[in-house]
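A.B. asks: Give the three-dimensional model of this entry:
(2 chains)
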Amino acid sequence: DAKTTQPPSMDCAEGRAANLPCNHSTISGNEYVYWYRQIHSQGPQYIIHGLKNNETNEMASLIITEDRKSSTLILPHATLRDTAVYYCIVRAAGGAGNNRKLIWGLGTSLAVNP
Amino acid sequence: GAGVSQTPSNKVTEKGKYVELRCDPISGHTALYWYRQSLGQGPEFLIYFQGTGAADDSGLPNDRFFAVRPEGSVSTLKIQRTERGDSAVYLCASSSQGTDKGYTFGSGTRLTVV
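C.D. replies: As a prediction, this is how the structure comes out:
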């Protein structure tokens, strides 16, 4: 079963920041938080991941709470092309075979409106 | 290649037939994953290859499903005696060995069993 909880849907106005929450209250010390998104009829796209520090890249920022039980993905200036399903996933670090798979929930369907 | 390539993009087959789905990963990526995704659901893990060997095949639903990666590059997912319940989008992803960075997904093969 997925170890994360996300709201099923969210709306955001174009040009505004989109803040997508994720609850992972049972996360273990060696588990990373990953975010992917899936635009309609495409394969999932990796966005960002983190362990305990906040992370930022060209696509988004990831804010992880100090207790690591929740996180927020921030798209600073949402565009219409950011309309997609956003998945939050936790996975253990390391290269062992049974650590590599991703367990996906239902994600959050983000609609960016003009 | 520049990305993960999956062929065919669409496949319609009759119940009971055999199908093969192909995945061409990013050059140099030693890890390869197969997932399948039903409408409205997140991707579901099937199998993970590290090089030529299957490191984790715990997601294969039954013995009608089989996957190979004989030279550590291209992989083929094989489904025997297809059933209507096998209809889904089959996604392939690849990643570099030993990395905790995100996976790169292909656009998937939409399999329809009629």
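A.B. asks: what pLDDT does residue 100 get?
C.D. replies: Just so you know, I chose chain A. The per-residue pLDDT reported for residue A:100 equals 74.
A.B. asks: oops, chain B please
C.D. replies: Note on residue B:100: pLDDT of 64.
A.B. asks: can you check residue B:33 too?
C.D. replies: 95.
A.B. asks: you'd agree it is in a helix?
C.D. replies: No: counting by DSSP: H, G, I helix; E, B strand; the rest coil, residue B:33 is not part of a helix but strand.
A.B. asks: Work out for me the element the closest residue to chain B within chain A sits within.
C.D. replies: Nearest to chain B in chain A, going by Cβ to the nearest Cβ, is residue A:46, at a distance of 2.6 Å. Any C-beta I mention is one placed from the backbone N, CA and C, and that applies to glycine too. Assigned by DSSP states H and E, residue A:46 belongs to strand A:45-50.
A.B. asks: Not counting that strand itself, show me its contacts.
C.D. replies: Residues outside strand A:45-50 that contact it (Cβ atoms under 8 Å, 6 or more residues apart in numbering or on different chains): A:32-39, A:55-57, A:59-62, A:64, A:71, A:73, A:86, B:100-105.
A.B. asks: Output the below-cut-off pLDDT ranges for chain B.
C.D. replies: By pLDDT under 70, the weakly predicted segments of chain B are B:1, B:97-100.
A.B. asks: spatially speaking, which residue is in the middle of it?
C.D. replies: Taking Cα atoms, centre = their mean, the centroid of chain B lies closest to residue B:34, which sits 3.3 Å from it.
A.B. asks: Ok, chain A next?
C.D. replies: So for chain A, Cα atoms, centre = their mean, it's residue A:35, sitting 3.0 Å from the centre.
A.B. asks: residues near the closest residue to that residue other than its chain neighbours, how many?
C.D. replies: Excluding the flanking residues, the one nearest residue A:35 by Cβ to Cβ, 6 or more residues apart in numbering or on different chains is residue A:47, at 4.4 Å. Residue A:47: 20 surrounding residues under other Cβ atoms under 10 Å in any protein chain shown.
A.B. asks: tell me the pLDDT at residue A:47?
C.D. replies: Among the per-residue scores, residue A:47 holds a pLDDT of 95.
A.B. asks: related to what we said a few turns ago, let me see the contact set for the residue nearest to the centre of chain B.
C.D. replies: B:23, B:46, B:47, B:48, B:67, B:75, B:77, B:90, B:91, B:92.
A.B. asks: doesn't residue B:18 make contact with residue B:79?
C.D. replies: Yes: the pair residue B:79 and residue B:18 passes the contact test of Cβ atoms under 8 Å, sitting 7.0 Å apart.
A.B. asks: Name the residue in these two with the higher neighbour count.
C.D. replies: Taking other Cβ under 10 Å, residue B:79 and residue B:18 do not tie; residue B:79 has more neighbours (22 against 11).
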